[in-house]
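Visitor: give me a model of this one.
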Amino acid sequence: MATNMSDNKWETVTRKKNATAADKKAARKVLAETAPTIDIAPPLQPSETLYAQFQEKGSTPASAAGDSQLKGSETSKSGQPPKKSQPKKKKDADRRKDKHLSLENALKTLDATEIKAQLTDVKNRCPDAPSLWLGDLVGHLNRKLDVKETDTVFANQPSDYPLCKVSKHIKDLIKSTLKSYSDDMLRKFFDYCVQEKACDLGKGQPVNGYRLFIQILAREHPHFVTNYLPTYLNLVKQKKNDRPRCLSVLWSCAQAGLTDPIIGLQVWSGLMLPMLGHRIVSPYAVAYLEGILSQNFDMKQAYKVIGPNEYFPILDFVFTPSNSLPASLQKQLMKHYPTLQSIAFGSNPDETLRLFFPSLLARCTPARPEPLKTELLRCLVMCLHQDQHCFSKWRQMFVNNMAQSGVLMTHLLNQWDHVQRKMNKKMLRETVKAFSLTNEELAEEKTGHQDYEECKLACRDLLEKMSGFEFPWKPVILVTMVTMIGFMLYDFYVHTGFQGSYTENFLVKSGLMAISMQAWQKIAHYVGVSWMWLNENVPVYYSRATEICQPYLILAWQKLHAAWLWCVDLTMPLWTWLAEHIPLLIEWILDKLPVVWDTIQYYGSIVWNFIHPYAVAAWTFINPILQQIVEFLVHYATLGWTTVSPYVNQTWNSLQQTFSSPMK
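Guide: All right, here's what the predicted structure looks like:
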């Protein structure tokens, strides 16, 4: 026996029968009609701001869910299956519209009044949460500037793009808003924009609002980047395999150095140089460096940015063939290598090169690629020439760097004619002698080693080169020529001319006079023959050339004249326009000229009043010195001419007599 709970009556339980298909279908129908149902609440409507959900009081998600459940129960009681609600996910109409616009056009649609109203609204709603004001403002700009950009770094745009396309009113509004925040809060907000921009960019979400805030903050507060370069370098390394996000972080940090090249050099050396070998980073890093070095900057400030730690990676990238840097980018970087090297060596290389010498020598191994080895040797010679302290560094490193020392000494031997003028021979001789003594001490231990033998041979050859005597040909030849000229002038002066002088007697006795006269006769003969031939043949050839070329020349002249007339007719409207507007331009210039002239006179008088006392004092000091210099020059010039003029006149007269007399 069992109880039927629906009718509250007893009934007899019989043996269970096998249910048929009709019974199962009827049971499912009854279950569907009697089982309670739960309707899913519709999703929240997309809001224009973060706080639009609280505009309608009493309209909470809980009440909406209660209404949905009540509606579901009523539907169940009516005996009809519930209909699943399909909420429509409405996209923002402005967003769909902006996707068909360029970023430049989207920036033109921004309204300063709307942004200000949005900012005022969020301030009224959350007066005690200023950090939310900036978040709401950047979110609003992201939605308004929802434009898909294929180029993450805007390579074909100006350096300050897209901020340069924003109206002045909007930029002033954003800057005035940022001034009300502390420096610490702005730094945190900048870091938030950098990281959120990189994250959202990988998801395909709008990020142009972040871009505008990053550009403004990075330019107004570049220390937000320079003080945290290691942090952003780690962030770049984490995202180095994700091209959009990696370039996004680089672009964000690069904005700090676009107005100040020194800051830009700091960003490049601290953030981009360590990642220069990465294929994603290298094109943007090289382009950014070109933009920095194309600007005018203070070299004294730049000397503090690049040191040995930054110089040697640059050296490897430029002169090591087949490295991780593409060949085209390697050539671009090589163009800027001299500038980077001069910045690294500093304004006083005689004091700084000693810091570079140990690393340069350690790198100069025989197995190095030839371009890199050549540059290393050039730099080592420069160090020894300009910083004498490098010799002591070389002595300290000799035992542990014998192979490198052998390469350097071999280079000095091969280039001795050029190197000896630059090198301090005394210091070099003492250094090589010290190496020779060290080689003798290490003879038992190092004998048979190739590096030791090559270094020993180079030391011996270099000592012989410095100990040997070299005849000074150039000074001797110069002194000899000056002496001979002086003797000849004195000889002409004593004998009042060339005739009868010792010089003439020497030339006659040695036979040089006869040879020179014979040479002069031959030259005169062949010159006369050539002149006669020209007199006879030039008129003939000229008439023949005129006969052949004259028709073509006349035709060419006619064509040129016609082309000139055609150009005049073509440009006649331009000349007419210039004739009409140039007088107006001249009139405008003459109208503005008095104002400009008055301004120039005003500032010129201020400058003159400032420098006048110093100019008078300087002239009072310099005037006596200048007078003495002028008197000195005039006195000695007159004395020199008085002394030389008789010899010059006699020489001239002698030459005239010699060449005017008939030659036998």
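
Visitor: next up, the contacts around E464.
Guide: For E464, the contact set (C-beta atoms under 8 Å, 6 or more residues apart in numbering) is empty. Heads up, the C-betas are built off the backbone N, CA and C, glycines and all.

Visitor: gap between it and Y602?
Guide: As judged by C-beta to C-beta, to the nearest Å, E464 and Y602 stand 75 Å apart.

Visitor: one more: R378?
Guide: On the measure of C-beta to C-beta, R378 and Y602 end up 55 Å apart.

Visitor: higher neighbour count, these two?
Guide: R378 (13 against 10; other C-beta atoms under 10 Å).

Visitor: could you report the separation of the more buried one from E196?
Guide: Using C-beta to C-beta, we find R378 at a distance of 48 Å from E196.

Visitor: repeat for S543
Guide: Computed as C-beta to C-beta, the S543 to E196 distance reads 89 Å.

Visitor: could you do C390 as well?
Guide: In this view, C390 and E196 are 51 Å apart by C-beta to C-beta.

Visitor: equivalent analysis for S102, please.
Guide: From S102 to E196 the distance is 23 Å (C-beta to C-beta).

Visitor: just want to know which of those two has more residues nearby.
Guide: The neighbour comparison of S102 against E196 (other C-beta under 10 Å) goes to E196, with 17 against 13.

Visitor: the more buried one reaches G209, doesn't it?
Guide: No - assessed by C-beta atoms under 8 Å, E196 is found out of contact with G209, at 9.9 Å.

Visitor: list the residues that contact the spatially closest residue to D260 that is not a sequence neighbour.
Guide: Nearest residue to D260, sequence neighbours excluded (C-beta to C-beta, 6 or more residues apart in numbering): P222, at 6.6 Å. Neighbouring residues of P222 by C-beta under 8 Å, 6+ apart: 256-257, 260, 263.

Visitor: can you list the weak-confidence ranges in this structure?
Guide: The model of the chain has pLDDT under 70 over residues 1-101, 446-448, 468-472, 655-664.

Visitor: so S347: helix, strand or coil?
Guide: With DSSP: H, G, I helix; E, B strand; the rest coil as the basis, the three-state label of S347 is coil.

Visitor: quick check on it: phi, psi?
Guide: Backbone torsions for S347, taken as degrees, to the nearest 10, come to phi -80, psi -20.

Visitor: try P366
Guide: Residue torsions, per degrees, to the nearest 10, at P366 are phi -60, psi -20.

Visitor: am I right that it is in contact with N401?
Guide: No - the criterion here is C-beta under 8 Å, and P366 misses it with N401 at 11.8 Å.

Visitor: looking at those two, which one has more neighbours?
Guide: N401 (20 against 13).

Visitor: residue nearest the centroid of this protein?
Guide: Most central in the chain under C-alpha atoms, centre = their mean is E290, positioned 1.9 Å from the mean C-alpha point.

Visitor: from H221, how far off is that residue?
Guide: With C-beta to C-beta as the criterion, E290 and H221 are 25 Å apart.

Visitor: W416 now?
Guide: From W416 over to H221 the distance is 56 Å, taken as C-beta to C-beta.

Visitor: break down the stretch 101-250 of the chain into its helices, ranges please.
Guide: 103-108, 112-125, 130-144, 168-178, 183-203, 208-220, 223-226, 229-238, 243-254 (DSSP state H, counting those that start in this stretch).

Visitor: now the ones you listed as CSV including distance to L340?
Guide: CSV is the format used below for the helices of the stretch 101-250 of the chain (distance: least, C-beta to C-beta, whole Å):
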stretch, distance to L340
helix 103-108, 34
helix 112-125, 43
helix 130-144, 37
helix 168-178, 35
helix 183-203, 27
helix 208-220, 24
helix 223-226, 19
helix 229-238, 18
helix 243-254, 18
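
Visitor: quick one: closest of these to S159.
Guide: helix 243-254 (8.9 Å; C-beta to C-beta).

Visitor: then the closest one to PDB, C-alphas only?
Guide: C-alpha atoms of helix 243-254 as PDB (Å, rounded to 0.1, in the frame of the first residue of the first chain):
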ATOM      1  CA  ARG A 243      55.500  42.600 -31.600                       C
ATOM      2  CA  PRO A 244      52.600  45.000 -30.900                       C
ATOM      3  CA  ARG A 245      53.000  45.000 -27.100                       C
ATOM      4  CA  CYS A 246      56.800  45.200 -27.300                       C
ATOM      5  CA  LEU A 247      56.800  48.200 -29.600                       C
ATOM      6  CA  SER A 248      54.000  49.700 -27.600                       C
ATOM      7  CA  VAL A 249      56.200  49.900 -24.500                       C
ATOM      8  CA  LEU A 250      59.200  51.200 -26.500                       C
ATOM      9  CA  TRP A 251      57.100  53.900 -28.200                       C
ATOM     10  CA  SER A 252      55.600  55.000 -24.800                       C
ATOM     11  CA  CYS A 253      59.100  55.400 -23.200                       C
ATOM     12  CA  ALA A 254      60.500  57.000 -26.300                       C
END
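
Visitor: still on that earlier bit, which pair in the contacts of P222 spans the largest distance?
Guide: It's A256 and D260 that sit farthest apart of these, by C-beta to C-beta, at 7.9 Å.

Visitor: more neighbours: which of these two?
Guide: A256 (26 against 17).

Visitor: now for that one: which residues touch it?
Guide: 218-219, 222, 224-226, 263-264, 267.

Visitor: kindly report the same for G604.
Guide: Listed by C-beta under 8 Å, 6+ apart, the contact set of G604 is empty.

Visitor: any idea how far D451 is from it?
Guide: 71 Å.

Visitor: and for C379?
Guide: For C379 relative to D451 (C-beta to C-beta), the value is 21 Å.

Visitor: and the two? which has more neighbours close in?
Guide: Comparing C379 with D451 by other C-beta under 10 Å, the one with more neighbours is C379, at 22 against 17.

Visitor: skipping its backbone neighbours, what lies nearest the more buried one in space?
Guide: Closest to C379 by C-beta to C-beta, 6+ apart is L360, at 5.3 Å.

Visitor: looks to me like that neighbour is in a helix.
Guide: Yes - L360: assigned to a helix according to three-state DSSP.

Visitor: quick thing: my sequence starts at 792, can you match it?
Guide: In the new numbering, first residue 792, that becomes L1151.
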